[in-house]
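1. Could you work out the structure for the sequence below:
(chains A and B)
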Amino acid sequence: MKKELLKFLAFAVLVLAAPYALSGGYIMNVLVFVGINTMLAVALNLLLGYAGQISLGHAGFFGLGAYLSGILTTTAGWNPWLVMPLAAALVGVMAFVIGFPILKLKGHYLAMATLGLGIIIYIVFNETVDYTGGPSGLSGIPNLSAGSITFDSDVKNYYLIWSFTLAVCLFAINLANSRVGRALRAIHDSEVAARVVGVNARLLKVQIFALSAMISALAGSLYAHTMTFISPASFGFNFSIELLTMVVIGGLGSIYGSFLGAALLTLLPEFLRAAQDYDIVIYGGMLMVMVMFMPGGLVRGVPDLVRKLVKPRGGDRHA
Amino acid sequence: MQFDQILQYTLSGLSTGAIYALIGIGFSIIYNSTGIINFAQGEFVMLGGMLTLFFIGVLKLPIWAAMPCAVLVSALGGLLFERLAIRPLRQPTPINIVIITIGGSILIRGLAMLLWGKDTHSLPPFSGDDPIAIGGATILPQHLWILAITVVIIAANKFFFYHTISGKAMRACSYNSRAAGLVGIDVRRMVLFSFVISSAMGAVAGIIVAPLTMTAYDVGVMLGLKGFCAAIIGGMSSGVATVVGGLILGVLESLGAGLISSGYKDAIAFIILLLILFIRPQGLFGKAESERV
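-> Down below sits the predicted model:
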């Protein structure tokens, strides 16, 4: 546990010091997105990596958070800081209620059901034009402010988003190392065995689903306030797949893996600007290659690879 | 007036439903022989339509030759997909299979986009587009083609699975692949067959629907999902139940779009999907099964 804490502190220092090493609004802006995506990937990882339950609809929860914040702060004029926990709570309750029937399903069926849920939410964003502005989006969402500071520049947003992201990471690390985390991993390995030893698997799965949805909604609210403009296109099926790719590439069941996956998938398109249309092919290829050759993700696969290269004759005894 | 409208929506719903049924049966064939839901199924539907266009437009083949070529190439695609993506999988857990077939579907879609661009194309109808009046409604000749071809394919499917050695062997694998292996059936080959057959069926569905709805590199996602929905309603059977599932879905969707709101048309299929999964995961007509652990 102490080691975990040190690791986290090192990570936090690195994150907080980054703006001093890197300059330029553009890179800061990209790093803001890395922060939001890290939050989302950690949320999905809690569900997929720890509890072993897939969701292909997380973009929907992300979008719900963004739209609730967007609509309530513009049309209704509520205080953004008040709306944010409210939106997260509402999405959490919704996920909790729908979680009971949905998490009874397993494997492929769960994947399809969550996918369907995500698409329904996406269609609602598009069709409820009076509230969401439909396909053309919702603009004029206010920036967050605290006292005399308004979070309207890239560097300010960087610190805003990353303080939330770090908090989410710390929370997830603690959760993973707690009794709950062990129960989740037990469900992952064998739900029946977990229930036999007294884990209330059904309730726990629903709770972690709701928690994961809440974190995603929080990320959505923050996204809405930093972007000040949202449209349904950001919350579609493709984004759910992108989140899945981040978690798988980084490494299932690893919080830092989620950061790695989120960073890689957010930065990659920036470098691939010239070859814009290729990104979809690259995502698909990466997903397949990772599952086939590095099922543990980068955080586990790369050290393994290095070990193999350094000690070619060792063979892995812990296979 | 109202009755004519309902008749109209029902008729056009039936032919879209037939398409969903064909795609759904493709899902079921693979599921029954391997326990895999192939998330890339929809991409083979897209390949059917786009490859036909490619053979007509680039290789200047006549349409009757282009269609079988497209089906063949799609089937080859299914074969490669099984050999290169599914079989080498070292840890074939459901989640890994979901992820790898999703990866495959994105890859196929992306390659199609790079090859053929993002434009939407239409295929000429097989025999003109003069509407035929039925009661107070009209349908297009293409609707009849779709229904007829679906019936033929389903009959051929039935024949294959019940009256040929390979078909019977595949059914044996779906009941108990281990026992099938013990009596000398090459299970891996049957799995490969199932991918080939279902991608060919998907391609046919993609070809016959293209003259009605247009085709593009990304049509596979929605068509695939709705085909899956049909299969779920039918309880993942590769026979009549899935056909009925497809038809129910097609008609409900068409009525919903016409009478309620066309914007929510796609949502209807997913609401049905969720309801069925929540209430009767074994399908509308199936008996509940208990799971072995």
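2. Residues of the stretch 151-293 of chain B that sit close to chain A?
-> Neighbours of chain A within the stretch 151-293 of chain B, by C-beta under 8 Å from any C-beta of the partner chain: B:221, B:225, B:228, B:232, B:261, B:263-264, B:266-267, B:270-271, B:273-274, B:277-278, B:281, B:293. Bear in mind the C-beta positions are built from the backbone N, C-alpha and C, glycine included.
3. What about those, which are in helices?
-> Of those, the ones assigned to helices by DSSP state H are B:221, B:225, B:228, B:232, B:266, B:267, B:270, B:271, B:273, B:274, B:277, B:278.
4. Relative to residue A:102, how far out is the last one?
-> Distance, residue B:278 to residue A:102, by C-beta to C-beta, to the nearest Å: 8 Å.
5. Give me the more crowded residue out of these two.
-> residue A:102 (24 against 15; other C-beta atoms under 10 Å in any protein chain shown).
6. which ones are touching the closest residue to that one other than its chain neighbours?
-> Leaving aside its chain neighbours, residue A:102 sits nearest to residue A:113 (5.3 Å; criterion: C-beta to C-beta, 6 or more residues apart in numbering or on different chains). Contact partners of residue A:113, counting by C-beta atoms under 8 Å, 6 or more residues apart in numbering or on different chains, are A:102, A:105, B:273, B:274, B:277.
7. With distance to residue A:128 and pLDDT added, can I get those residues in CSV?
-> CSV is the format used below for the contacts of residue A:113 (distance: C-beta to C-beta, whole Å; pLDDT from 0 to 100):
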residue, distance to residue A:128, pLDDT
A:102, 23, 95
A:105, 27, 91
B:273, 21, 89
B:274, 19, 92
B:277, 25, 90
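8. Need those residues in JSON lines (columns: distance to residue B:47).
-> Listed next are the contacts of residue A:113 as JSON lines, based on distance: C-beta to C-beta, whole Å:
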{"residue": "A:102", "distance to residue B:47": "32"}
{"residue": "A:105", "distance to residue B:47": "29"}
{"residue": "B:273", "distance to residue B:47": "24"}
{"residue": "B:274", "distance to residue B:47": "28"}
{"residue": "B:277", "distance to residue B:47": "28"}
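9. Looking at those, which one is closest to residue A:164?
-> Distance to residue A:164 across the contacts of residue A:113 (C-beta to C-beta) is lowest for residue A:102, with 26.9 Å.
10. what's the spacing between whichever helix in chain B runs longest and its chain's center?
-> Longest helix of chain B, by residue count under DSSP H: helix B:2-34. Its chain's C-alpha centre and that of helix B:2-34 lie 9 Å apart, by C-alpha atoms, centre = their mean, to the nearest Å.
11. OK, contacts around residue A:2?
-> With C-beta under 8 Å, 6+ apart, residue A:2 has no contacts at all.
12. swap that for residue B:150, please
-> Counted by C-beta under 8 Å, 6+ apart, residue B:150 has contacts B:18, B:19, B:21, B:22, B:208, B:243.
13. Just the C-alphas of the helix or strand encompassing the last one, formatted as PDB.
-> When you say that, I think you mean residue B:243. Assigned by DSSP states H and E, residue B:243 belongs to helix B:240-255. Output of helix B:240-255 as PDB, limited to C-alpha atoms (Å, rounded to 0.1, in the frame of the first residue of the first chain):
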ATOM      1  CA  VAL B 240     -37.700 -20.000 -38.600                       C
ATOM      2  CA  ALA B 241     -37.600 -18.300 -35.200                       C
ATOM      3  CA  THR B 242     -35.000 -15.900 -36.300                       C
ATOM      4  CA  VAL B 243     -36.800 -15.200 -39.600                       C
ATOM      5  CA  VAL B 244     -39.900 -14.400 -37.600                       C
ATOM      6  CA  GLY B 245     -37.800 -12.300 -35.300                       C
ATOM      7  CA  GLY B 246     -36.400 -10.300 -38.300                       C
ATOM      8  CA  LEU B 247     -39.900  -9.800 -39.800                       C
ATOM      9  CA  ILE B 248     -41.300  -8.600 -36.400                       C
ATOM     10  CA  LEU B 249     -38.500  -6.200 -36.000                       C
ATOM     11  CA  GLY B 250     -38.800  -4.900 -39.600                       C
ATOM     12  CA  VAL B 251     -42.500  -4.400 -39.400                       C
ATOM     13  CA  LEU B 252     -42.400  -2.700 -35.900                       C
ATOM     14  CA  GLU B 253     -39.600  -0.500 -37.000                       C
ATOM     15  CA  SER B 254     -41.400   0.500 -40.200                       C
ATOM     16  CA  LEU B 255     -44.700   1.200 -38.400                       C
END
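14. ok, which stretches of the chain are strands?
-> Since no chain was named, I'll use chain A. A:138-139, A:145-146, A:149-150, A:229-230 (DSSP state E).
15. meant chain B actually
-> Using DSSP E, strands in chain B cover B:132-134, B:137-139.
16. closest to chain A among the contacts of residue B:150?
-> Relative to chain A, the closest of the contacts of residue B:150 is residue B:21; by C-beta to the nearest C-beta it sits at 17.5 Å.
17. Let me know whether the closest one touches residue B:247 as I believe.
-> Yes. Taking contacts as C-beta atoms under 8 Å, residue B:21 lies within contact range of residue B:247: 6.5 Å.
18. one step back: can you name the two of the contacts of residue B:150 that sit furthest apart?
-> So for the contacts of residue B:150, where distance means C-beta to C-beta, the most widely separated pair is B:208 and B:243, at 15.0 Å.
19. These two - which one has more neighbours?
-> Between residue B:208 and residue B:243, counted using other C-beta under 10 Å, the more crowded position is residue B:208 (28 against 23).
20. what sits against residue 49?
-> Here I'm looking at chain A. A:247, A:251, A:252, A:253, A:254, A:257, A:258.
21. oops, chain B please
-> B:70, B:121, B:123, B:206, B:207, B:209, B:210, B:215, B:219.
22. Spatially nearest residue to the last one (excluding sequence neighbours)?
-> So the one you mean is residue B:219. Per C-beta to C-beta, 6+ apart, closest to residue B:219 is residue B:46, 5.2 Å.
23. Can you show me the helices along the stretch 101-250 of chain B?
-> B:141-163, B:165-175, B:177-182, B:187-213, B:220-233, B:240-255 (DSSP state H, counting those that start in this stretch).
24. So which of those has the densest surroundings on average?
-> Stretch with highest mean neighbour count among these: helix B:220-233 (a mean of 27; mean count of other C-beta atoms under 10 Å in any protein chain shown).
25. what about that helix, average pLDDT?
-> Regarding helix B:220-233, the rounded mean pLDDT is 91.
26. and the angle from that helix to helix B:187-213?
-> 120 degrees (axes from the mean of the first three to the mean of the last three C-alpha atoms, to 10 degrees).
27. From the chain's centroid, how far away is helix B:220-233?
-> 7 Å.
28. Can you show me the CA trace of it as PDB?
-> Provided in PDB are the C-alpha atoms of helix B:220-233 (Å, rounded to 0.1, in the frame of the first residue of the first chain):
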ATOM      1  CA  GLY B 220     -22.600  -2.500 -41.700                       C
ATOM      2  CA  VAL B 221     -22.800  -1.200 -38.200                       C
ATOM      3  CA  MET B 222     -26.600  -0.600 -38.000                       C
ATOM      4  CA  LEU B 223     -27.500  -3.500 -40.300                       C
ATOM      5  CA  GLY B 224     -25.400  -5.800 -38.200                       C
ATOM      6  CA  LEU B 225     -26.800  -4.700 -34.900                       C
ATOM      7  CA  LYS B 226     -30.400  -5.100 -36.200                       C
ATOM      8  CA  GLY B 227     -29.600  -8.500 -37.500                       C
ATOM      9  CA  PHE B 228     -28.300  -9.400 -34.100                       C
ATOM     10  CA  CYS B 229     -31.500  -8.000 -32.600                       C
ATOM     11  CA  ALA B 230     -33.500 -10.400 -35.000                       C
ATOM     12  CA  ALA B 231     -31.400 -13.300 -33.800                       C
ATOM     13  CA  ILE B 232     -32.000 -12.400 -30.200                       C
ATOM     14  CA  ILE B 233     -35.800 -12.300 -30.700                       C
END
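29. okay, the angle between that helix and helix B:240-255?
-> 120 degrees.
30. list the helices and strands helix B:220-233 packs on?
-> helix A:107-127, helix B:2-34, helix B:41-57, helix B:94-116, helix B:187-213, helix B:240-255, helix B:265-279 (3 or more C-beta pairs under 8 Å, 6 or more residues apart in numbering or on different chains; DSSP states H and E).
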